[in-house]
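[1] generate coordinates for the sequence data below:
(2 chains)
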Amino acid sequence: MAWTAGFGTIAPGQSQEWWFSWGGNGDVGPQLIQAVPLGASAELSTTEISESLDAGGHLTYFAVVRNDGPNAVNFQWRGGGF
Amino acid sequence: MTRFSTVWVVPPAPSTDSGQTIFLFNGIQNSGNIYQPVLQWGPSAAGGGSFWTVASWYVGANAFHSNLVRVNTGDTLTGVMTLASQSAAGFSYNCEFQGIADTGLPIMNIEELTWCVETLECYGINNCSEYPDSNKTAMAAIDLQTGATRPSIVWTVNNAVNDCGQHTQLFDNDVVANGEVDLWYHGSPFWTSGLATIAPGESQEWWFAWGGNGDVGPQLIQAEPLNGSAKLSTTQISERQDPGGNLVYFATVHNDGPNTVGFQWRGGGR
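    The predicted structure follows:
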């Protein structure tokens, strides 16, 4: 199921790590997570996707976005699983 | 065995109710009987109906059980069996759902119980929608004790019925009260592969191959930590074509956390 999350702004050359959490034990299977730029002349790379399991057994997902373009840009996250 | 416990969550009711019976339990067997704290949907010799109930059972040539107690979807159950005593007359045990009154069924002076199981057992199912309306039930926090020892557990999978994709996944062999066996009602929507450990700061590249020319389209591949307090990043996914034209997939995992952690791979395509 596809989902969208968050609205952020990222400066040129900056990287940001975001986390994504679901209910229950948080396990929603493998997730494709990508940042989509909301302004023109922008290039965003999603450089890393992680899964983190805490001591309570809850799974949290993380993704890192990097602004490879020349301008600050607004973005949101889009993702989905199986 | 001096104590065997498992924690699971009461699943959603089946979307189709045709009078089927569903049992979920951990249990221990001897040569002719099984001792088991049972979650039940539908009717049985103890009663029941189109709702979830729990009771403890000792079943062989004859069946003994505690009274059924209603439980609800989302309730967390802890099924516990403990050795109470042993003597020349035999072994005595207690079985109950921890914290749920009137679910206890003590038994005395029987043959020793030695064979542990985590089981989905069903009767009268003719359609896949007659299973609980979820992908799976995780039989979790498995804790098996033999006195002061927690022995290594080697589970054997027995997928006796698989017409709806039912299968068993040995999710975690942890022996420190954190083992998990997943009982799937349907086929997994994604594939799983490998069981390994990775040290803090370490990166590992794994390869994944399929039959034919190996081309299964674009694949999402992610490493999933299986122990708590861990963070694993999947840093790279690659496809390589060998000189024979076969496509092989690769993925690299990096342990970002402070501990060595067990992990598996999960993935899929469209």
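
[2] the strands in chain A, which residues?
    A:2-10, A:15-21, A:32-37, A:44-53, A:59-67, A:73-80 (DSSP state E).

[3] in CSV: the ones you listed, plus mean neighbour count, distance to chain B and mean pLDDT.
    No exception for glycine: its C-beta is placed from N, CA and C like everyone else's. Putting the strands of chain A into CSV (neighbours: other Cβ atoms under 10 Å in any protein chain shown; distance: least, Cβ to the nearest Cβ, whole Å; pLDDT from 0 to 100) gives the following:
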stretch, mean neighbour count, distance to chain B, mean pLDDT
strand A:2-10, 13, 12, 90
strand A:15-21, 14, 10, 95
strand A:32-37, 19, 5, 92
strand A:44-53, 20, 4, 94
strand A:59-67, 20, 7, 95
strand A:73-80, 17, 9, 92
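
[4] what packs against the helix or strand containing residue B:64?
    Element membership of residue B:64, judged by DSSP states H and E, is strand B:63-65. If you count contacts as 3 or more Cβ pairs under 8 Å, 6 or more residues apart in numbering or on different chains; DSSP states H and E, strand B:63-65 packs onto strand B:52-59.

[5] note down every partner strand of the helix or strand just after the strand holding residue B:64 and its orientation.
    Sequence-wise, the next helix or strand downstream of strand B:63-65 (DSSP H and E) is strand B:69-70. Under the criterion DSSP bridges, strand B:69-70 sits next to strand B:52-59 (antiparallel) in its sheet.

[6] and the partner strand, how far out from the chain's middle?
    From the chain centre to the centre of strand B:52-59 is a distance of 18 Å (Cα atoms, centre = their mean, to the nearest Å).

[7] again with stretch B:181-193
    10 Å.

[8] out of the strands of chain A, the one nearest residue B:108 is which?
    Nearest of the strands of chain A to residue B:108, taken as Cβ to Cβ: strand A:44-53 at 41.9 Å.

[9] got the domain boundaries for chain B?
    According to automatic domain parsing, chain B comprises the domains B:3-184, B:191-268.

[10] ok, the residue lying closest to residue B:10 once chain neighbours are set aside to residue B:178 distance?
    The shortest distance from residue B:10 to any residue other than its chain neighbours is 4.5 Å, reached at residue B:75 (Cβ to Cβ, 6 or more residues apart in numbering or on different chains). Distance from residue B:75 to residue B:178, counting by Cβ to Cβ, to the nearest Å: 21 Å.

[11] could you pull up the residues touching residue B:69?
    Residues near residue B:69 by Cβ atoms under 8 Å, 6 or more residues apart in numbering or on different chains: B:53, B:54, B:55, B:97, B:100, B:101, B:102, B:103.

[12] check those and tell me the two furthest apart.
    B:53 and B:101 (13.6 Å).

[13] just want to know which of these two has more residues nearby.
    Higher neighbour count among residue B:53 and residue B:101: residue B:53, with 21 against 8, using other Cβ atoms under 10 Å in any protein chain shown.

[14] and that one, what are its bridge partners?
    Beta-bridge partners of residue B:53, counted by DSSP bridges, are residue B:40, residue B:70.

[15] number of nearby residues for the nearest residue to residue B:128 once chain neighbours are set aside?
    Computed as Cβ to Cβ, 6+ apart, the closest residue to residue B:128 that is not its neighbour in sequence is residue B:164, at 3.8 Å. If you count neighbours by other Cβ under 10 Å, residue B:164 ends up with 16.

[16] and residue A:56, by the same measure?
    There are 9 residues near residue A:56, going by other Cβ under 10 Å.

[17] contacting residues for it?
    Going by Cβ under 8 Å, 6+ apart, residue A:56 touches residue B:228.

[18] related to what we said a few turns ago, any idea how far the residue nearest to residue B:10 is from residue B:38?
    According to Cβ to Cβ, residue B:75 stands 14 Å off from residue B:38.

[19] which of these two has more neighbours?
    The neighbour count for residue B:75 versus residue B:38, taken as other Cβ under 10 Å, is higher for residue B:38 (27 against 15).
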